[in-house]
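> Predicted model, plus sequence, below.
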Amino acid sequence: MGFSNVYGVPGLGKRGRARLIDGKAIAAELRAEVATGVAAFVAERGWTPALATLLIGDDPASAVYVRAKIKACNEVGLGSVHHHLPADVARDQVLALIDSLNADPAVSGILCQLPPPAHLDPAELTEQIDPAKDVDGLTIASAGALALGLPGLRPCTPAGVMRLLAATGVDPSGRSAAVIGRSNLFGKPMAQLLTMADATVTLCHSRTADLPVTARGADILVAAVGRPEMVGADWVKPGAVVIDVGINRTEDGLVGDVDFVAASEVAGAITPVPGGVGPMTIACLLANTLEAAERRPR
Ligand SMILES: NC(=O)c1ccc[n+]([C@@H]2O[C@H](COP(=O)([O-])OP(=O)(O)OC[C@H]3O[C@@H](n4cnc5c(N)ncnc54)[C@H](OP(=O)(O)O)[C@@H]3O)[C@@H](O)[C@H]2O)c1
């Protein structure tokens, strides 16, 4: 389940060999799982877990993201509480709102859409969230739990990649993995999740020497850089699993960090952009919101 052959991709021609990892289909499966879990939770505990979303200012892209998250919550039966604050809101007022959401038993997850307006510190806002409700998995406590291999809420995009691998039948144990990009949001937690799954991980960045050689040594290659089609066919080990996290808007439309057509000739399985990693992020946010509610003592 969850993948089809790249022969089916319009415009790719017949030369591609890699299996296509269908993030849309795998995300739909996860959403269905969450919907079942929410229904069971409500039946057992008698209350509906809810995600609180916090949008500050009028950035159109942020508004679109938040709307998509609220819609996704409603589709799986999770509740949602939305707060939209003006762009010039005082720092203390935002922190007080997060405190009130931390204390609200009806709220199981809190998402503060980033980036906030310039006068607010995104790290401070994130840190104000109770780690038990940190469904983005970005607080220091959540990052620390992951670093120590302890239970906790994991950042949504790398958690989504782990689910893509599982759904494709890829067990990272004993495999070599290369993650290109070391951001706190994605690259570092990705490397840690792969390490926890017993892969041997190389975490690469802009100062990595001989990056194509390192990439070519990996059974699992994950690219999260933000450079259109940087990873060419000669970066890919034959048969490797290639996960493209990049989202780049170009004149030709949305493209990833991997040259999809060229890499498909060499890889064993590959995610497209769009329709690969992207759909998993919101699905994992829903899963985290349910998990946060389930972790709460009765
Ligand atoms: N699908 C999703 O839901 C999702 C979620 C998150 C991110 N993304 C996408 O993933 C990409 C990365 O996001 P991010 O937040 O992790 O980005 P980021 O914070 O900008 O980090 C980029 C990383 O790439 C490294 N890098 C930059 N140029 C490089 C080069 N020439 N060679 C090797 N490494 C290089 C940087 O190295 P240094 O540390 O040395 O500067 C940095 O570690 C973006 O396109 C973003 O839109 C997608």
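Received the coordinates, thanks.

> May I have the predicted confidence score for Arg182?
Predicted confidence (pLDDT) at Arg182: the value is 98.

> Kindly apply the preceding question to Pro10 instead.
You'll see Pro10 listed with a pLDDT of 42.

> Same check on Asp252?
At Asp252, the predicted lDDT confidence score is 88.

> measure it to Val161 for me?
25 Å (Cβ to Cβ, to the nearest Å). For the C-beta atoms, the positions are set from N, CA and C on the backbone; glycine is no exception.

> which of those two has more neighbours?
Counting neighbours by other Cβ atoms under 10 Å for Asp252 and for Val161 shows that Val161 has the greater number, 29 against 9.

> Tell me how many other residues crowd the closest residue in space to Asp244 that isn't next to it in sequence.
Leaving aside its sequence neighbours, Asp244 sits nearest to Gly256 (Cβ to Cβ, 6 or more residues apart in numbering; 3.7 Å). For Gly256, the count of nearby residues is 31 (other Cβ under 10 Å).

> List the residues that contact Ala293.
Counting by Cβ atoms under 8 Å, 6 or more residues apart in numbering, Ala293 touches Phe41, Arg45, Pro49, Ser108, Gly109.

> So is the host helix or strand of Ala39 next to the ligand?
With elements taken from DSSP states H and E, the one containing Ala39 is helix 23-45. No. Helix 23-45 stays clear of the ligand (Cβ under 6 Å from any ligand atom), getting no nearer than 8.9 Å.

> which secondary structure elements does that helix contact?
With contacts defined as 3 or more Cβ pairs under 8 Å, 6 or more residues apart in numbering; DSSP states H and E, helix 23-45 has these neighbours: helix 60-75, helix 156-167, helix 278-295.

> Is it possible to get JSON lines of the ones you listed that adds distance to Ala87?
Putting the helices and strands packed on helix 23-45 into JSON lines (distance: least, Cβ to Cβ, whole Å) gives the following:
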{"stretch": "helix 60-75", "distance to Ala87": "11"}
{"stretch": "helix 156-167", "distance to Ala87": "25"}
{"stretch": "helix 278-295", "distance to Ala87": "24"}
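
> Including distance to the ligand, could those helices go into JSON lines?
JSON lines is the format used below for those (distance: least, Cβ to the nearest ligand atom, whole Å):
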{"stretch": "helix 60-75", "distance to the ligand": "10"}
{"stretch": "helix 156-167", "distance to the ligand": "4"}
{"stretch": "helix 278-295", "distance to the ligand": "4"}
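
> quick one: which of the contacts of Ala293 has the most company?
Highest neighbour count within those: Gly109, with 29 neighbours (other Cβ under 10 Å).

> which residues touch it?
When contacts are counted by Cβ under 8 Å, 6+ apart, Gly109 is found next to Pro49, Ala50, Leu51, Ala52, Lys133, Asp134, Val135, Leu285, Asn288, Thr289, Ala292, Ala293.

> Can you pull the phi/psi pair for it?
In this entry, Gly109 is assigned phi and psi values of phi -140, psi 150 (degrees, to the nearest 10).

> just checking, Arg45 touches Arg298?
Yes. The criterion here is Cβ atoms under 8 Å, and Arg45 meets it with Arg298 at 7.2 Å.

> In the stretch 101-250 of the chain, mark out all the strands, start to finish.
Counting by DSSP state E, counting those that start in this stretch, one finds strands in the stretch 101-250 of the chain at the ranges 109-112, 176-180, 200-204, 220-223, 241-244, 248-250.
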